[in-house]
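Q: Sequence first, predicted model second:
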Amino acid sequence: MGRNSYDDMLPEGYREKRSGSKGTSLLIAFIGVLITLIAIVLYLMFTPHSDKEDPAESGVSKVSFSVEEPAILENEAAELRHSAEEEADAASPESGREAHIASPHYREYTVKRGETVDSIASQFGLRADTLVNFNGITDLNGIGEGTVLRIPDADGSWYTVMAGDTPSSIVLSRTAGITADEMLEFNGIDGVSEGDRIFIPYPESDRAFAAFTLPLSDGTITRRFDSMYNGEMIKGIVIKGAPGSAVRAAADGKIQDFPNDPDYGRGVVIYHDGGYITEYYGLETIMVGTGRSVRQGETIGSIGTSSTYFDGEPAVLFCVRQSGIALDPETMI
């Protein structure tokens, strides 16, 4: 039987079926390719791209850090720095000693319109000279509305510690009546060293003693503190009296000098505790010597005609100073 005879033996319709199967396969393949292309296009359109390596693909997770500022206000930080600098200075080998920084008890007060040092002192039960000394006032006329004054808790004065001073020796020599511990506590310190500046409060019992008296008990005040006379401001008070009237020491002290002013006449200068100095001008006679201690009320001279500056009448010019600052004597009597 020849080869061609086998074709005659295939089932009927075989060739038609085979041709149809090939067409279906081609269609399915085309659809699959089309779907793949669509998927690639969609991926390219909606997937973000970066030149940097994707952390997810590298296997390394990205960690972000947030640094917050310290929770300290600017002024508080400045105070801390200032405190640290003070402590560093105190501990510095160059200082050669431990620093004792006095911090007396005080409050701050803003001066209102029309107020004076004297009226403010009275308001707080203090002496005017205490406020002047505590605040280092050099010009009483410069104290006006808006000025901030420090008001100490007690009357007193500043003192610079000298070599050999101890807390006990300071209170004994300056203001008997308070203890060394009370003085240290008032200043917020635990000891003293040479050069320290501390505030020494006056004890209650010594306040009356610290007050001054008029040098002419029966005299009349004719010129008041800071009044003008012949174009000049008088830094004291003028007390008129009868010729020959006794002039007396305004407080306990030691005779320091006998000035002779061309206008005010012969005078006596007395040094007192607390850095006070009293001056008496217009004396006709002087009855004390240099370096002599005098008691309050003791006669130091008499008025006469050594000065004719104040209308040519016998009078004494009475001045009070503390640490070089002229004070109104009437506020201290």
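A: Thanks, I have the structure now.
Q: ok, how many other residues are close to Val247?
A: When counting by other CB atoms under 10 Å, one arrives at 28 neighbours for Val247. Every residue, glycine included, has its C-beta placed from N, CA and C.
Q: So in terms of bridging, what pairs with it?
A: Gly301 (DSSP bridges).
Q: now swap in Gly267 and tell me
A: Tyr281.
Q: okay, and for the stretch 201-333 of the chain, where does confidence drop off?
A: 203-211, 308, 323 (pLDDT under 70).
Q: Would you quantify the distance from Tyr109 to Asn230?
A: With distances taken as CB to CB, to the nearest Å, Tyr109 is found 37 Å from Asn230.
Q: more crowded one of these two?
A: Tyr109 (16 against 8).
Q: In terms of pLDDT, where does the more buried one sit?
A: On the pLDDT scale, Tyr109 is placed at 93.
Q: What of Ile137?
A: For Ile137, the predicted pLDDT is 85.
Q: wait, doesn't Thr166 sit right on Glu194?
A: No: using CB atoms under 8 Å, Thr166 makes no contact with Glu194, being 11.1 Å away.
Q: Just give me how far stretch 317-332 sits from the chain centre.
A: Chain-centre distance of stretch 317-332: 27 Å, with CA atoms, centre = their mean, to the nearest Å.
Q: With only the CA atoms kept, save that stretch in PDB.
A: The C-alpha trace of stretch 317-332 is given here as PDB (Å, rounded to 0.1, in the frame of the first residue of the first chain):
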ATOM      1  CA  LEU A 317      25.000 126.400 110.000                       C
ATOM      2  CA  PHE A 318      24.400 122.800 110.900                       C
ATOM      3  CA  CYS A 319      25.200 120.100 108.300                       C
ATOM      4  CA  VAL A 320      25.000 116.300 108.400                       C
ATOM      5  CA  ARG A 321      26.700 114.000 105.900                       C
ATOM      6  CA  GLN A 322      27.000 110.300 105.500                       C
ATOM      7  CA  SER A 323      29.600 108.700 103.200                       C
ATOM      8  CA  GLY A 324      30.100 112.100 101.700                       C
ATOM      9  CA  ILE A 325      26.300 112.600 101.000                       C
ATOM     10  CA  ALA A 326      24.600 115.700 102.500                       C
ATOM     11  CA  LEU A 327      21.500 114.800 104.400                       C
ATOM     12  CA  ASP A 328      18.600 117.000 105.700                       C
ATOM     13  CA  PRO A 329      19.300 117.400 109.400                       C
ATOM     14  CA  GLU A 330      15.600 117.900 110.100                       C
ATOM     15  CA  THR A 331      14.800 114.300 109.000                       C
ATOM     16  CA  MET A 332      17.300 112.900 111.500                       C
END
